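# my questions are about this predicted structure, shown below with the sequence.
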Amino acid sequence: MTEARPMRRIALMNQKGGVGKTTTTVNLAAAIARQGRSTLVVDLDPQAHATLHLGVDPDDAHASAYDLLMDGSADPTDAALEVSEHLHLIPSETDLAGAESELASQNDRHHRLDRVLGRLEECYEFVFLDCPPSLGALTMNGLVAAREVIIPMQAHFLALQGLGKLLETVQLVRTGLNPKLRVSGVVLCMHDAQATHTREVVADMESFFESARADVESPWRFARVFRPPIRRNIKLAEGPSFGQTIFDYAPDAAGAKDYEALGAGLLREWDRLLERRGGAASEVQVTDSGRSVPMPGPVL
Ligand code: ADP
Ligand code: MG
């Protein structure tokens, strides 16, 4: 008998805009769905970029993330639209901006999405939460509903400073609201592997994560820089205006190869982790292409 797979809940988060959150949410989710895994994208950004990128008009009268956050009786299975095989979307709408202030007066304001995902537990194996570039109530809902955070960013010195602040936020959320939250790693977006500067920043990031390995309390104890980095590729920037993922818009482009490889790596590790379930899952180390790689340690 095959055991039901637990739902892996991943927030794509960075308080800075334009770093690749939405591009990574959409194309990584699509890469995983293409492997036959049931996948959900939740667009938590009032800008609705992930919704548009997946070819859905946020102004159409679908139930949206807003409806689910504001109305506890709304059925999340009605809101999830099938955008391609194995890939569903809970869309955003412009009203979502209003949710920030409307939620402010509610006691359970940060736990709404967590409850929604609880009702979808049997339906999806992967859930990707596309967070807005801020630390307001919508992002907080994402961080409370998630079990892990993936941070899309560029390998620049200034971005590295921003990473410190972001990790502090995760630590705060973990202490106050969601003890299960951990950082599984960084996805390097718009990457230029040739620049010396880039290589130095990546090395700094890796040694920073390495230094947290022994600290059992650290939320980024199992974090790493995911491979491969996502190269700068104009096709990735063009896809959204056609409402298409990179796999539909330009399947032979470098961007499709990079997201496909990133998704395949995540799945490989996840499947190994599930095989070993029963042990101390979050402590497992696996060897991936000859390297010892710490597991993301999602709480099962
Ligand atoms: P965020 O969601 O963090 O604001 P986006 O994913 O929307 O960031 O990316 C910002 C811009 O950069 C978008 O126009 C997007 O199409 C473009 N972009 C993202 N990743 C790449 C890439 N690897 N190569 C080229 N353009 C990219
Ligand atoms: Mg975005």
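Nice, thanks for sending it over. Ligands and ions are numbered 1, 2, ... in the order given.
# can we go C-alpha only for contacts and neighbour counts from here?
Will do.
# show me the contacts for the closest residue to L117 other than its chain neighbours.
In this structure, L117 finds its nearest non-sequential neighbour in A145, 7.1 Å apart by Cα to Cα, 6 or more residues apart in numbering. Applying Cα atoms under 8 Å, 6 or more residues apart in numbering to A145 gives the contacts R9, H111, L113, D114, R115, L117.
# closest to ligand 1 among the residues you listed?
Nearest to ligand 1 out of the contacts of A145 is R9 (Cα to the nearest ligand atom; 17.9 Å).
# quick check: the closest one is in a strand.
Yes - checked against DSSP: H, G, I helix; E, B strand; the rest coil, R9 lies within a strand.
# dump the residue contacts of it.
Contacts of R9 by Cα under 8 Å, 6+ apart are F126, V127, F128, L129, A145, A146, R147, E148.
# run a quick neighbour tally on the residue of the stretch 51-200 of the chain found nearest ligand 1.
Nearest residue of the stretch 51-200 of the chain to ligand 1, counting by Cα to the nearest ligand atom: M190, 3.7 Å away. The number of residues packed near M190 is 20, by other Cα atoms under 10 Å.
# same check, this time on the one 4 residues further on
Using other Cα under 10 Å, the number of residues around Q194 comes to 8.
# identify the residues contacting it.
Per Cα under 8 Å, 6+ apart, neighbours of Q194: none.
# secondary structure class for it?
Applying three-state DSSP: Q194 is coil.
# what helices or strands is the longest helix seen in the chain leaning on?
Criterion DSSP state H: the longest helix present in the chain is helix 254-275. Secondary-structure packing of helix 254-275 (3 or more Cα pairs under 8 Å, 6 or more residues apart in numbering; DSSP states H and E): helix 21-33, helix 246-249.
# deepest in the core, which of these is it.
helix 21-33 (a mean of 25; mean count of other Cα atoms under 10 Å).
# near ligand 1, anything from that one?
Yes - looking at helix 21-33 against ligand 1 by Cα under 6 Å from any ligand atom, the contacts come from K21, T22, T23.
# adding mean pLDDT, write the helices and strands packed on helix 254-275 out as a markdown table.
Listed next are the helices and strands packed on helix 254-275 as a markdown table, based on pLDDT from 0 to 100:
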| stretch | mean pLDDT |
| --- | --- |
| helix 21-33 | 98 |
| helix 246-249 | 98 |
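# what's the closest of these to H197?
Among the helices and strands packed on helix 254-275, the nearest to H197 by Cα to Cα is helix 21-33 (22.3 Å).
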